[in-house]
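S.K.: I would like the atomic coordinates for the input below:
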Amino acid sequence: MGNVINTAPCRFCGQMVQIEADGKLTQPQAEEKATMTCQCPEAVEYQKEKQRKEKALKNVSVLFGEDAAPEKRIGEGIVSILRAAVEEIYSGGLAKVTLNLRGGVKASISQNSKGEINVERTETKKQKLTE
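M.R.: Next up is the predicted model:
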């Protein structure tokens, strides 16, 4: 199937945008693509917010999930909790989430004053001295 030209309005300003896609898009898909290409101020802000969220989800994967070094990976259930935390911070429901994991590992997700979502991994190692 060749490229198909779809037309959809920007969610914010209503300007009609032509989108080239591999096939026919549903109306919500077409509106999302139109909004992601529109240059109205609201759409540009939406694009930045969405990129921040996608970057934070990628950081969760790199620090804790499938893109982490094998010895740094944690269980899929906990990675799901971290992804859900990113979604809640993105939507404004949460300000910060910190999980204390086994082995002295701490996962922290928060949003700074610029709106960026920070994902951090902290590892603490205890040393025991014997005499």
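
S.K.: Please make it C-alpha for all contacts and neighbour counts, starting now.
M.R.: Fine.

S.K.: Buried residues in the lengthiest helix in the chain, which are they?
M.R.: Determined from DSSP state H, the single longest helix within the chain is helix 41-63. The neighbour-count check on helix 41-63 (16 or more other C-alpha atoms under 10 Å) flags 43, 47, 49, 52-63 as buried.

S.K.: list the helices and strands that helix packs on?
M.R.: Here helix 41-63 is seen to pack against helix 27-37, helix 76-91, strand 117-123 when contacts are counted using 3 or more C-alpha pairs under 8 Å, 6 or more residues apart in numbering; DSSP states H and E.

S.K.: Turn those into a markdown table, columns for mean neighbour count.
M.R.: Shown next, in a markdown table, are the helices and strands packed on helix 41-63 (neighbours: other C-alpha atoms under 10 Å):
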| stretch | mean neighbour count |
| --- | --- |
| helix 27-37 | 18 |
| helix 76-91 | 17 |
| strand 117-123 | 16 |
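
S.K.: Switch these over to JSON lines; also include mean pLDDT and distance to Gln15.
M.R.: JSON lines is the format used below for the helices and strands packed on helix 41-63 (pLDDT from 0 to 100; distance: least, C-alpha to C-alpha, whole Å):
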{"stretch": "helix 27-37", "mean pLDDT": "94", "distance to Gln15": "9"}
{"stretch": "helix 76-91", "mean pLDDT": "95", "distance to Gln15": "25"}
{"stretch": "strand 117-123", "mean pLDDT": "96", "distance to Gln15": "30"}
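
S.K.: mind checking which of the ones you listed is nearest Ala69?
M.R.: strand 117-123 (13.1 Å; C-alpha to C-alpha).

S.K.: Between helix 76-91 and that closest one, find me the angle.
M.R.: Angle, strand 117-123 to helix 76-91, by axes from the mean of the first three to the mean of the last three C-alpha atoms, to 10 degrees: 140 degrees.

S.K.: and strand 117-123 with helix 41-63, angle?
M.R.: Angle of strand 117-123 versus helix 41-63, following the same axes, to 10 degrees, is 10 degrees.

S.K.: which strands and helices sit next to strand 117-123?
M.R.: helix 41-63, helix 76-91, strand 105-111.
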